[in-house]
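*Asks:* build me a model:
(one chain, ligands or ions: 1)
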Amino acid sequence: MKVTEHIAQAKDTLISFEILPPLKGKSIESIYDHLDPLMEFKPAFINVTYHRSEHMFKKRGDGSFEKVEIRKRPGTVGICAAIMNHYNVDAVPHLICGGFSREETENALIDLNFLGVDNVLVLRGDAPKNETFFEPHPDGHRYALELLQQVVNMNNGVYLEEDLQEGVKTKFCIGVAGYPEKHFEAPNMQTDIAHLKRKVEKGADYIVTQMFFDNQKFFDFVTKCRDMGITIPIIPGLKPITSKKQLTVLPRTFHVDIPDELSTEILKCKTDKEVEEVGTQWLIQQSRELKQFGVPVLHYYTLGKPKVVKRVVEAVV
Ligand code: FAD
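*Replies:* Sure, this is the predicted structure:
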């Protein structure tokens with residue numbers, strides 16, 4: 001079922017989760033172990049992230065180094081199929097521009113369509129870890145907007161080959177990303193939301209936001225989106241803080257602020273257990289307030305912390 005259908009039919013705030021594919025070489029059981037404790041909450045859908053190759057340097061026998069491309073977390077499409085089969089729940093694969101050609105993307109979309117996947121979250125992706133700027137694949141897309149157009153084209157039966165303009169019409173419901181604290185490359189919030197609006201005008205069905213720790217930033221973002229004529233559902237992305245290190249890692253990686261009240265409490269903690277408790281209670285409060293605000297879905301980035309997310313959801317539903 002499409003995410004938008006879940007939302008339209010819901011009588012209460014829905015719950016959804018986001019997971020990462022395991023590192024290459026690990027089994028699907030690691031995904032089930034991760035998700036099993038969360039399935040009692042009957043998530044409306046489960047997102048599976050998509051990962052590009054990273055550039056690495058491998059030592060040759062003669063001591064010199066060779067640049068290689070390694071995709072550490074492949075398997076998004078297969079995991080979506082496995083999750084749907086194992087739990088009978090909708091899976092939402094992420095698709096990214098970075099590192100993929102249009103044809104590779106088309107092939108992934110064809111696989112997803114055959115597997116009965118109804119949703120995709122389309123994203124640009126970031127530069128590989130050791131590069132500063134995002135560079136598109138020579139035959140790929142520069143912006144999520146272009147990837148979105150490719151999915152919309154397939155929904156209209158239009159494929160890449162010039163003589164394949166009346167193929168099977170896929171029916172993907174399309175999600176896109178939004179940033180309550182602005183995307184880090186955008187010159188300002190107004191411009192960022194204007195770009196978001198173009199994705200909506202091209203056919204995006206719903207928005208999932210970057211994580212945030214201050215609900216007011218989300219409320220202001222929703223207001224700005226609505227003022228600029230964006231009417232589709234906006235789903236908050238939520239993550240628990242569970243270590244002191246995250247006070248610096250999360251702002252650096254995701255370009256989000258940690259409110260003073262939260263960071264002060266975390267810095268007072270003496271053990272990881274105490275940090276986890278502060279992060280859990282903070283996320284419970286955030287979730288309750290967002291539910292009251294009337295968000296359609298509470299979307300949790302579980303990222304290795306299913307037990308914490310379980311405590312949060314237990315306290316919220
Ligand atoms: P875009 O919408 O393309 O925007 C990128 C930047 O370009 C923005 O600053 C925007 O304002 C600007 N822009 C857009 N259009 C134009 C234009 N026409 N001209 C000039 N500027 C423009 N990354 C992964 O690699 N894998 C994942 O699975 C993944 N999942 C994510 C899930 C969520 C919910 C979120 C919020 C992010 C996720 N990311 C993931 C990270 C994401 O790929 C990065 O944040 C990326 O930097 C931007 O992606 P986007 O889709 O928002 O890009």
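*Asks:* close to the ligand: what parts of the stretch 1-150 of the chain are there?
*Replies:* 49-50, 94, 96, 123-126, 143-145 (CB under 6 Å from any ligand atom). For the C-beta atoms, the positions are set from N, CA and C on the backbone; glycine is no exception.
*Asks:* and of the residues you listed, the nearest to residue 284?
*Replies:* Proximity of these to residue 284 (CB to CB) peaks at residue 49, which lies at 24.4 Å.
*Asks:* can you give me phi and psi for that closest one?
*Replies:* With angles defined as degrees, to the nearest 10, residue 49 shows backbone torsions of phi -70, psi 160.
*Asks:* and what of residue 133?
*Replies:* Backbone torsions for residue 133, taken as degrees, to the nearest 10, come to phi -110, psi 150.
*Asks:* same check, this time on the one 5 residues further on
*Replies:* Comment: the main-chain dihedrals of residue 138 come out as phi -50, psi -30, following degrees, to the nearest 10.
*Asks:* can you check the pLDDT for it?
*Replies:* Predicted confidence (pLDDT) for residue 138: 96.
*Asks:* and it, what does it touch?
*Replies:* Contacts for residue 138 (CB atoms under 8 Å, 6 or more residues apart in numbering) come out as residue 101.
*Asks:* equivalent analysis for residue 51, please.
*Replies:* 20-21, 71-74, 76, 96.
*Asks:* and the residues of the stretch 1-150 of the chain next to the ligand, which are buried?
*Replies:* The neighbour-count test (16 or more other CB atoms under 10 Å) applied to these identifies 49-50, 94, 96, 123-125, 143-145 as buried.
*Asks:* which non-adjacent residue is nearest residue 54?
*Replies:* In this structure, residue 54 finds its nearest non-sequential neighbour in residue 128, 5.2 Å apart by CB to CB, 6 or more residues apart in numbering.
*Asks:* what about that neighbour, how many residues close to it?
*Replies:* Per other CB atoms under 10 Å, the neighbour tally for residue 128 reads 17.
*Asks:* isn't it up against residue 55?
*Replies:* Yes: between residue 128 and residue 55 a contact is recorded at 5.3 Å, counting by CB atoms under 8 Å.
*Asks:* what's the helix or strand for residue 210?
*Replies:* Secondary structure from DSSP states H and E places residue 210 in strand 206-211.
*Asks:* adjacent strands (with direction) for that strand?
*Replies:* Take DSSP bridges as the rule and strand 206-211 pairs in its sheet with strand 173-178 (parallel), strand 234-238 (parallel).
*Asks:* the shortest one: what's the following helix or strand?
*Replies:* Meaning strand 234-238. Assigned by DSSP H and E, the successor of strand 234-238 is helix 246-254.
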